[in-house]
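Undergrad: Okay, sequence plus prediction incoming.
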Amino acid sequence: MSLFNVMDIASTGMSAQSVRLNTTASNVANANSVSSSYDQTYKARHPVFAAELNQALGQQNPGSRVKVLGIVESAKPLQIEYSPGHPMSDENGYIYKPNVNVVEEMANMMSASKAYETNVQVADTTKRIFRRVLRLGQGQ
């Protein structure tokens, strides 16, 4: 595997973790929202990743890149609360809250942040290796 493949893998990993961080931040931001309708209530979202084989012509050792396939809504049930005095309650007195678990989302955010940081370190190490190889080519 060439150093260029390593940089490609690290950069796609950083991009995927950035999507994960943004999705998690959106979930946390909407965790306390309230709606008067089941259909209009915010539903937690999660990115779906896949490892994509990098089989470009001429490569003997294909690397795996990270690809974001999409963002899906959580299938967990929404929180339904009987609150007839709430201004957002429906005709039956119910309000609907998102299916966001803030503790899980914070753990997700910490995990995504660490994964992003790891990819940055891989890219930085690869860059240092590039520099050393160039110095070797110069006879230093």
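TA: Structure received. Numbering: from 1, shown residues only.
Undergrad: For the rest of this, base every contact and every neighbour count on C-alpha atoms.
TA: Will do.
Undergrad: ok, what's across the strand from Y82?
TA: Y94 (DSSP bridges).
Undergrad: Also G70?
TA: Counting by DSSP bridges, G70 is bridged to V48.
Undergrad: Tell me who's in contact with it.
TA: Going by CA atoms under 8 Å, 6 or more residues apart in numbering, G70 touches P47, V48, F49.
Undergrad: Just among the residues you listed, which is most surrounded?
TA: The most crowded member of the contacts of G70, judged by other CA atoms under 10 Å, is P47 (18 neighbours).
Undergrad: helix, strand or coil for the closest residue to I95 other than its chain neighbours?
TA: Nearest non-adjacent residue to I95, counting by CA to CA, 6 or more residues apart in numbering: S89, 4.7 Å away. Following DSSP: H, G, I helix; E, B strand; the rest coil, the label given to S89 is coil.
Undergrad: S89 - how many residues pack around it?
TA: By the criterion of other CA under 10 Å, S89 has 19 neighbours.
Undergrad: which residues sit in contact with it?
TA: Counting by CA under 8 Å, 6+ apart, the residues that S89 touches are S35, S36, S83, I95.
Undergrad: repeat that for 10 Å
TA: V34, S35, S36, S37, E81, Y82, S83, I95, Y96 (CA atoms under 10 Å, 6 or more residues apart in numbering).
Undergrad: Verify the stated contact: the fifth one with Y94.
TA: By that I understand E81. Yes: at 5.5 Å, E81 counts as touching Y94 under the criterion of CA atoms under 10 Å.
Undergrad: Show me which of these two is the more surrounded one.
TA: Using other CA under 10 Å, the more surrounded residue of E81 and Y94 is Y94, with 20 against 12.
Undergrad: from the contacts of G70, which single one is nearest K127?
TA: Nearest to K127 among those, counting by CA to CA, is F49 at 25.8 Å.
Undergrad: where does the protein have low pLDDT?
TA: 1, 52-63, 139-140 (pLDDT under 70).
Undergrad: hey, where'd the strands end up in it?
TA: Along the chain, counting by DSSP state E, strands occupy 45-54, 63-73, 79-82, 94-97.
Undergrad: Of these, which is nearest L3?
TA: Of all the strands of the chain, strand 63-73 comes closest under CA to CA, at 10.6 Å.
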